[in-house]
Every structure is written in C-alpha cells, then in structure tokens.
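Colleague: Return atomic coordinates for the entry below.
(2 chains)
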Amino acid sequence: MAVTGAILVLFLVGHMAGNLKSFFGAETFNAYAEFLRTMGEPILPRRVLLTVVEVVLVAAVVLHMWSAISLARRAGKARPVKYAAKRKSQAGGYATHIMRWGGVTIVLFVVWHLLDLTFGVVNPAGWDGTPYERLAQGFDPSRWWVTLFYVVAVVMVGLHLRHGLWSAFQTLGLASSRSYRPLKAAAAVVSAVLVLGFLAVPVAVMIGVIK
Amino acid sequence: MGMNLTLKVWRQKGPEDKGRMVTYRVEDVSPDMSFLEMLDVLNERLILEGDDPVAFDHDCREGICGMCGMVINGVAHGEQVATTTCQLHMRHFEDNAVITIEPWRAAPFPVVKDLVVDRSAFDRIIQAGGFVSVPAGSAPDAHSVPVKKVDADAAFDAATCIGCGACVAACPNGSASLFTAAKITHLSLLPQGQPERDSRAVAMVEQMDAEGFGGCTNTGECTAVCPKGIPLDTIARMNRDYLRAAK
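Modeller: Numbering: from 1, shown residues only, chains lettered A, B, ... in the order given. This is a model prediction of the structure:
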C-alpha cells in the first residue's frame, strides 16, 4: 500500500501542477499536453516515456487495489462474528475509516475521468478536440453535475491522502513518536494543497475565468 | 443509593454453541463497585436462581495481569481511557443505563464460554521469538552495559503490555500488531535483545499472520483502547525491524 501509494501521490503532484497551466491560456496548456507526448525525444521515440509512465501508474493502481482487497479479506476472516453493539471509534479520524469506500469512489471517478478528458468519449469536445477544448467544454456550467462529481471525488482523494500519507511512513517503519505530529501536519497540508489545486481549474471554468 | 442497570450479555454455552445476547436486570448496584464486582452481583443471583453464571476471565483485579477484558458498549475495556475492565468503576455509568457486554471478537480468539476467549494465539507468538536465548545472568552492575535513557524508557513502556488482547478486539481489521510490536520493541531496544533481533521480528510477525490475525492499516484504534497506552510507534519499529531483517 505504502510504496504504490507513494508512486500515485507523486503522480498527483505532477498532474495538479500540469492542470494549473490551463490558467496561462489554451496555447500553453496544449503545448504542455504535447510536451508530455514528446518528452524523452530525441533519445526516445514519441510517446515512449509517457507510455512507460502510464504502465507504471496502472501497475501501481492495480497493486494498490490488490493490497487493499487482500487486507479487507484478511480483516473479514479475522472477525467472522461481528459485534452486536455499534463499535465506537476511540481513535477518531474520520478519514481513517473511509479509506476503503474512498478508494472505491476514486476508482469509479478515475474511470469516468479517463472517458471524459482523456478519451473524450463522454466529453462534448470529443476525441478530436484539443485538451484545452475538452477541459473548457467538459466543465461548462451546463454540465454542473460533472463538476459536482469531480469535486466530490477530489475531496475524497484529499481525505484518502490525509490518512494515507503519514500511514505510508508508519508502514515502512519510517515514523516514530517524535515524527507523528509533523508527519500528520504535512499530510494535512499536502492533501489540502492537492485538493485546492485540483479544484481551482474546474471552478475557474465554471465561473468563466477559463473560457 | 444504588444504580439500576440493564445488561445485554453474550451467552454461549461452549465453543460449538451458536450463542446469543441475553438481557438481565441488575438492581441496587453501588457506584463504587468495579465492573467485575457488578457482574459478581449478577452471578450470585443467577446461581441462587439455579442459572448458569456468566463466565468471564479475571485474576488480579488490579489492572496488571491482563486476564480480564470485555467489549463494553462497543469499546474494549469500556470507554474509560487506559483502564482495564477490573479497574473500571460503575460511577462512570448512568443510572438506568443499558450496557452491552461482548467477548473479544477475533477468529484467533475463539470463545470458550460466554465472555471467555482462548488467547493461546498470543502465547504462540511469544513462543515464536519473544524471548532472549542467551543466559543473561543476574542484573549487571549499573553502567557496565550503557543503555540510553530514552531507549530504557521506551523499552519499559513497551514491556508494560499485559497481553489482554484489547488491541485485537478494537482493531477494525482484527490485527494483533500492537501486541506483537510491543513485545518486539521491548527486546529490540535492549542489549540482550540484539543477537536475535532480526530472526525475532520475522518469526513473530510470521506467527502473528499464521494465527489468522488481520493486517494493520494504521487506524490507531488499538493504542486508543490499550489499558497500558502502548504507543503506535512500536508498530513502526516492528515494521522497521521486519523490513531490515527481510533485506
């Protein structure tokens, strides 16, 4: 969970930074999208490095899900008889207790997100549109429900990371009693920055800052 | 003035019995009674009435042996922080309260009877490596083997684990990580524990998994209910020792 999660967090940071390019106009954003395909050239042919990144990401997602499913199955086997009383969380931490449902929400979102902005299947600008057109038309005010789904999913990602980020350090044995406070604070800050960074773009499209 | 309580207690005749919740009324309970004394009062009455008393584990009744433990209103050892069930007093409950009492729920802790569970799985984890093989002799002269104060304190804190099993009962995953980590930590911080540090971590973690406990997802529920307040960083240390040994 920790290692694959770390790969996915690094991806999210890059993805968010790339999204913010849309504030610099269509040309910059489309040029950035083109760069992603040409990076590594001329040593590597077009799209090779991007494909490598994509393969690593898919592998990370699959292994992350596999770890989560095996943990959930082990947990189910370890407690065949449930408690009659509703178990009250003593540790607090809402984020901790929605990791699995949060993960399911995120996976469903990623499927939609790829169909929408990557393949354009459910996007008004379609496959032939430029990345910027897909972005601007995808989050058009008339498609407010798409934006709403996006917001819910991004908030879910933030909650997922609030627990996941410090938890990865704990799993890898890198945390200690002295580092919990800074680790949890850093997890909260990174999650908040990612949520705000990801929400800035669709909100800007909705209120017309990005046209 | 006594308290009147409604208890919903898990009754199970034996390991093969399906078991069910049974409701009892207990009257005129003194707020100064411990939770176990309150159950003693119920049991005296059940015996007089010719019923089977509610079986529960207990021994020292001063919070240091680790025998007692039950899930009270969904919380292992009840909601009082850092308290074993025997040290939990009835003054923390409201008059006319309804109290649900269940055994630790985990496949590796099968119910023997009512609220008594078999915790031999913990013994087997200790047998797998929770010891020092070399004869360490009597206590050495102070300063002959220097141990850092922080390490001595952390080792001692970990060694206060009484093995009650509340960590397993509270964990949403039914994991025994806090128990195993406490035992690994208290040995791996001291000089006597060093020669077997790697093999111990691997053997104990593997035994823990073999017993059928769940995996740790760092929810922190274990340390929150632990009557001895074993800290979560023991689990980080266990993971560190395990990864180091596995390299």
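Colleague: quick one: contacts for B:Gly130?
Modeller: Applying CB atoms under 8 Å, 6 or more residues apart in numbering or on different chains, we find B:Gly130 in contact with B:183-184, B:187, B:200, B:204. (Glycine included, C-beta is placed from N, CA and C.)
Colleague: For it, give me phi and psi.
Modeller: With angles defined as degrees, to the nearest 10, B:Gly130 sits at phi -80, psi 50.
Colleague: One more: B:Val81?
Modeller: Geometry field for B:Val81 lists phi and psi as phi -70, psi 140, criterion degrees, to the nearest 10.
Colleague: rewinding a little: so which of the contacts of B:Gly130 wins on neighbours?
Modeller: Per-residue neighbour counts (other CB atoms under 10 Å in any protein chain shown) across the contacts of B:Gly130 peak at B:Ile184, which has 29 neighbours.
Colleague: ok so, going back, most widely separated two among the contacts of B:Gly130?
Modeller: Spanning the widest gap among the contacts of B:Gly130 are B:Leu187 and B:Met204, at 9.7 Å by CB to CB.
Colleague: How about A:Thr28: what's its closest non-neighbour residue?
Modeller: If the residues on either side of it in the chain are set aside, A:Thr28 comes closest to A:Lys21, at 5.4 Å by CB to CB, 6 or more residues apart in numbering or on different chains.
Colleague: host element of residue 169?
Modeller: The chain I'm using is chain A. Mapping A:Phe169 onto the secondary structure by DSSP states H and E places it in helix A:144-171.
Colleague: The intended chain is chain B.
Modeller: helix B:166-170.
Colleague: how far is that helix from where the chain is centred?
Modeller: Centroid separation between helix B:166-170 and its chain, computed with CA atoms, centre = their mean, to the nearest Å, is 7 Å.
Colleague: Output the contacting helices and strands for it.
Modeller: For helix B:166-170, the elements it packs on are strand B:75-76, helix B:177-188, helix B:221-225, judged by 3 or more CB pairs under 8 Å, 6 or more residues apart in numbering or on different chains; DSSP states H and E.
Colleague: Dump those into a markdown table; add distance to chain A as well.
Modeller: As requested, the helices and strands packed on helix B:166-170 are arranged in a markdown table below (distance: least, CB to the nearest CB, whole Å):
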| stretch | distance to chain A |
| --- | --- |
| strand B:75-76 | 6 |
| helix B:177-188 | 10 |
| helix B:221-225 | 4 |
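Colleague: Could you dump those into a markdown table with mean pLDDT and distance to B:Pro146 added?
Modeller: Listed next are the helices and strands packed on helix B:166-170 as a markdown table, based on pLDDT from 0 to 100; distance: least, CB to CB, whole Å:
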| stretch | mean pLDDT | distance to B:Pro146 |
| --- | --- | --- |
| strand B:75-76 | 97 | 38 |
| helix B:177-188 | 97 | 17 |
| helix B:221-225 | 97 | 30 |
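Colleague: nearest to A:Ile43, of the ones you listed?
Modeller: With CB to CB, the closest approach to A:Ile43 among the helices and strands packed on helix B:166-170 belongs to helix B:177-188: 46.2 Å.
Colleague: measure the residue in chain B sticking out farthest from the centre to A:Pro182 for me?
Modeller: In chain B, B:Ser144 marks the outermost C-alpha relative to the chain mean, sitting 35.2 Å out by CA atoms, centre = their mean. B:Ser144 sits at a distance of 37 Å from A:Pro182 (criterion: CB to CB, to the nearest Å).
Colleague: and what of B:Arg244?
Modeller: Relative to A:Pro182, B:Arg244 is positioned 23 Å away (CB to CB).
Colleague: Cool, thanks, talk later.
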